[in-house]
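# Structure here, sequence nowhere to be found:
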């Protein structure tokens, strides 16, 4: 099936590793020009430029499509705007936005500070708002259609058993934001949807998965954990014309954990 994604410009936030990387590969496989967004935050001592450049190189080698790496801390409005400007200058205006980047602190309710709560929302909610705003603003100038896919979580509906209150709450806000933006932009041909994955096998969760594997499997009717490529394939569908009649939806990708 021709997904009609070829030569579209797709920004995937937080795509230097994990699920975001798999999404970038899947979009590139369909011929999209992909923007690998990565975090560079000198104050926190974080810079994932080498990982991002490695993804860019692999995309070019495997798929022969254009790809660039652009730093932007999703907690900073100015950096997000600069990212969109850089994308337009190098690849052309964006058509597809995948909000994948997220901050996920861990701890019991009583241990969280207001600062950590606020930073989680700054990245996961405000950052998502600013990226959506910038894409919609620029699509309207071009009078063009577009696709937004927000990566939420089953935790938005069920919470977490391992203490991720700020993250869980922020993903609930993302689901509500998805519906609100979808309703506002529907008449303009801008499709806005979300995905709510369960656990996905990435380097970040590999250790805890091995420690609590049987406990987690007991909750998942399909009796296995998702692979990043399975999430990526649904993103490609939502970014394609095949999903042109879908908007304001949050898809359950939990192996049957939610069944909603």
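Thanks, I have the structure now. Here the structure is a predicted model, which means the values were calculated and not measured.
# Poorly predicted segments of the stretch 151-260 of the chain, please.
Along the stretch 151-260 of the chain, the parts satisfying pLDDT under 70 run over 204, 206.
# all helices of it, in order?
155-158, 165-185, 206-217, 228-239 (DSSP state H, counting those that start in this stretch).
# now the farthest one out in the chain, which residue is it?
Using Cα atoms, centre = their mean, the residue of the chain lying farthest from its centre is residue 110. It sits 28.7 Å away.
# contact partners of stretch 110-117?
Contacts with stretch 110-117, where a contact means Cβ atoms under 8 Å, 6 or more residues apart in numbering, come from 105, 165, 166. For every residue, glycine as well, the C-beta is placed using N, CA and C.
# Nearest residue to residue 108 in space, ignoring adjacent ones along the chain?
Among residues not flanking residue 108 along the chain, residue 163 sits closest, at 5.2 Å (Cβ to Cβ, 6 or more residues apart in numbering).
# And residue 26, by the same measure?
In space, residue 26 is closest to residue 232, 3.8 Å off (Cβ to Cβ, 6+ apart).
# Is that neighbour in contact with residue 29, as I believe?
No. Assessed by Cβ atoms under 8 Å, residue 232 is found out of contact with residue 29, at 9.2 Å.
# what's the span of stretch 91-101, first residue to last?
Using Cα to Cα, to the nearest Å, one end of stretch 91-101 lies 21 Å from the other.
# Flag every buried residue along that stretch.
By neighbour count on 16 or more other Cβ atoms under 10 Å, the buried set for stretch 91-101 is 91, 94, 95, 96, 97, 98, 99, 100, 101.
# ditto for stretch 167-175
For stretch 167-175, by 16+ other Cβ under 10 Å, it's 167, 168, 169, 170, 171, 172, 173, 174, 175.
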